[in-house]
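J.: Structure for the following, please:
(2 chains)
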Amino acid sequence: MIEFENVHIAYGKNRVIRGISFRVEKGEIFGIIGPNGAGKTTLLRALVGMIVPDRGRVLLRGKEVHKTRAEERKIAYLFEVARSGSFLRLTPEEDLEFYAALYNVDVGRERIREVLKLVKLYNERKKKLYTFSRGMWQKLYLARVILPDFPVIVLDEPWLGLDVAAQKETVNMLHRFRDMGKTIILSAHEMPLIERSCTRIMLLKEGKKVIEGSPKTLFNSVGWRYRVSIKGNQKEKVVYVNDLREIIQYLQNSEIYKMDIEQISLEDVYLHLVGERND
Amino acid sequence: MRMHKQVWVITKTMFKAWIRYPENTMGTLIYLGIVGVFAYVLMLSNLLTIDAVPYYIVGLTIFAFIGQSNSVYINFSVWREELLAKPVKPDIFLLSVYFGGLLTSALPMLLLFFLSIPFYWESLHMAPFLLLISLFLGILSSLGMCYLFASLGLRFRPEGYIVTSLTFVFTFLCGILVPVYLLPRPMVYVSYIIPYTWSIDLFRHSILSTPTISPLNQELLILVVSTAVYLFLGKLFLMRTLKAIRVKKVIIK
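T.: Residues are numbered from 1 along each chain as shown, chains lettered A, B, ... in the order given. Model (predicted):
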């Protein structure tokens, strides 16, 4: 459905994306992760047609994105946005009516209310936006992307600044969107949430793809599954093993006071692959 | 969504977003008050051929119709990413912002204009046909300016002081507060290249029968030509800016 073919993008002399290729199939939740400046947002911008690649192609349903009209693309895009200062005195209903006009879709009052119910903002539909908490704003952002009922949803940092409850709610909502047949592409830094949400993940570093695959593929790429912290009569030791039997060698000739065993997380994989693990 | 509905929804939103801040309405009233005081206290009447008050009110009224470029600049800057990624066409958005601006700024001015009519009835010498032509051409040339400002809005962040300063520059240079012929000579030449000057002058002539800067036919011709030039240049600039952002990946400053 979506295909990046050897895409190169530069801002002036700064080469942000260096030959990236990947494919996203219909109904997937595809996560893009990577350090700040790795090129995640730039890839999303190329996908929605905001920028044109210098080399390579970005294809949507077999057509190059920048050669199609925005109406044909049918992509709903949530930016990593600051709250708009001018429209804070609108209600969510009015805000969604405005967004429907920006998306050029004719939605009635019923559809707007249906979407507000879906994101659990229906009871707040008459409140002014300036009274909204960060979590409520995030729900409104998700309402904006689901409103036009487009098949592709692109989300840049959907969990930014949310508390734990709102994060969990957003994950559930993404699963609901997927169940509705949407294809979702997102970029984020919250590894546990990405692990719970995404069917496939791509790790970027300095504009290049490091790895791409299911969460399981990423775990397998590291070469260990357990992080074991051993505290005994000698100083604390942290070891990484694929099989717990491997730790026996570390237990010989030492007295053990405390031992913690953690299963590998996506965060560990991320830190391992981008080379930022300190321990 | 049909075009007219799209324009209506965006226009309505712009109006609601503005009117729900009481300080906006207060600001407009204070501005009108300051201008009124300015008109009375400085008594430029002795330099004008007619009473200063209707002179200013008519100038402000036409400026409310045509002076929407700042609103366009701010909205194109604030909604830049949405405009680049969403299906809404820049022309539709520009027109909606223009109408939204009309609803917010033209209404108080029109109210003031109609309220002043009974008091300054003797100063009015209306030429309805010319009034419509000057309004029509004024709005078209203003749309040309709006295209230019939309391009700037896409390239630069909205800086409040720049926008406010530009409003005062236009107010000062285009003959709203001070008649163009009273400006220092170099400023007069600058004012001639701004299309607002001509539409304000023609509009004022069509209501108050004030003397025009140039002979009427010549002034009409200048307004038609400058409208065509500004519309063409404005549209061209906007298209080039959109292309530059997409292809050259020009970053907002």
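J.: Show me what secondary structure element comes after whichever strand or helix holds A:Ile248.
T.: Using DSSP states H and E, A:Ile248 maps to helix A:248-251. Next along the chain after helix A:248-251, taking DSSP H and E as the criterion, comes strand A:256-263.
J.: helix, strand or coil for A:Ser21?
T.: Following DSSP: H, G, I helix; E, B strand; the rest coil, the label given to A:Ser21 is strand.
J.: Show me what from the stretch 1-150 of chain B comes close to chain A.
T.: Applying Cβ under 8 Å from any Cβ of the partner chain, one finds that the stretch 1-150 of chain B approaches chain A through B:1-2, B:5-6, B:9-10, B:13, B:16-17, B:20-21, B:74-75, B:78-79, B:81-82, B:84-88, B:96. (Glycine included, C-beta is placed from N, CA and C.)
J.: Can you say which of those are buried?
T.: B:1, B:6, B:9-10, B:13, B:16-17, B:74-75, B:78-79, B:81-82, B:84-88, B:96 (16 or more other Cβ atoms under 10 Å in any protein chain shown).
J.: Roughly how far does A:Gly31 sit from A:Gly275?
T.: 20 Å (Cβ to Cβ, to the nearest Å).
J.: Actually, B:His4.
T.: Applying Cβ to Cβ to B:His4 and A:Gly275 gives a distance of 57 Å.
J.: what does B:Leu83 give?
T.: According to Cβ to Cβ, B:Leu83 and A:Gly275 sit 39 Å apart.
J.: do the same with A:Tyr130
T.: Counting by Cβ to Cβ, the gap from A:Tyr130 to A:Gly275 is 44 Å.
J.: Give me the more crowded residue out of these two.
T.: A:Tyr130 (12 against 8; other Cβ atoms under 10 Å in any protein chain shown).
J.: for the more buried one, phi and psi?
T.: When read as degrees, to the nearest 10, the backbone of A:Tyr130 gives phi -70, psi -10.
J.: cool, and A:His8?
T.: Dihedral angles (degrees, to the nearest 10) for A:His8: phi -120, psi 130.
J.: Disregarding residues adjacent in the polypeptide, which is nearest to it?
T.: Computed as Cβ to Cβ, 6 or more residues apart in numbering or on different chains, the closest residue to A:His8 that is not its neighbour in sequence is A:Arg55, at 4.0 Å.
J.: burial of the one you found, as a residue count?
T.: A:Arg55 is flanked by 13 other residues according to other Cβ under 10 Å.
J.: so it touches A:Asn6, yeah?
T.: Yes. At 6.8 Å, A:Arg55 and A:Asn6 qualify as touching, with contact defined as Cβ atoms under 8 Å.
J.: Residues touching the top helix by length along chain A, excluding its own?
T.: With secondary structure taken from DSSP state H, chain A has its longest helix at helix A:164-179. Identification of contacts with helix A:164-179 by Cβ atoms under 8 Å, 6 or more residues apart in numbering or on different chains yields A:27-29, A:118-120, A:134-135, A:138-139, A:142, A:146, A:153, A:158-159, A:162, A:184, A:186, A:190, A:193, A:196-197.
J.: Look up the pLDDT of B:Ala39 for me, please.
T.: B:Ala39 is assigned a predicted lDDT (pLDDT) of 61.
J.: Filter the buried ones among the residues of the stretch 1-150 of chain B next to chain A down to the ones in helices?
T.: B:6, B:9-10, B:13, B:16-17, B:74-75, B:78, B:81-82, B:84-85, B:96.
J.: ok, those residues vs A:Arg89, which is closest?
T.: Of all those, A:Arg89 sits closest to B:Ala17, with 6.5 Å by Cβ to Cβ.
J.: Run through the residues that contact the residue nearest to the closest one when sequence neighbours are not counted.
T.: Excluding its sequence neighbours, the residue lying closest to B:Ala17 (Cβ to Cβ, 6+ apart) is A:Phe87, at 4.7 Å. A:Phe87 sits next to A:Asp95, A:Phe98, A:Leu129, B:Thr13, B:Ala17 when contact means Cβ under 8 Å, 6+ apart.
J.: Tell me how far the closest residue to the second one other than its chain neighbours lies from B:Gln68.
T.: Counting by Cβ to Cβ, 6+ apart, B:Thr13 is the residue found nearest to A:Phe98 once chain neighbours are left out, at 4.2 Å. The gap separating B:Thr13 from B:Gln68 is 16 Å, by Cβ to Cβ.
J.: what does A:Ile194 give?
T.: For A:Ile194, the distance to B:Gln68 - Cβ to Cβ - is 45 Å.
J.: between those two, who's got more neighbours?
T.: Using other Cβ under 10 Å, the more surrounded residue of A:Ile194 and B:Gln68 is B:Gln68, with 27 against 23.
J.: Now the phi/psi pair for that one, please.
T.: Dihedral angles of B:Gln68 (phi, psi; degrees, to the nearest 10) stand at phi -100, psi 10.
J.: element containing A:Glu267, please.
T.: Here A:Glu267, judged by DSSP H and E, is contained in helix A:266-274.
J.: Tell me where chain A is predicted with low confidence.
T.: Applying pLDDT under 70 to chain A flags residues A:80-86, A:253-254, A:276-279.
J.: can you tell me the helix or strand for the closest residue to B:Ser214 other than its chain neighbours?
T.: Closest residue to B:Ser214 apart from its sequence neighbours, by Cβ to Cβ, 6+ apart: B:Ile222 at 6.7 Å. Take DSSP H and E as the rule and B:Ile222 turns out to sit in helix B:216-247.
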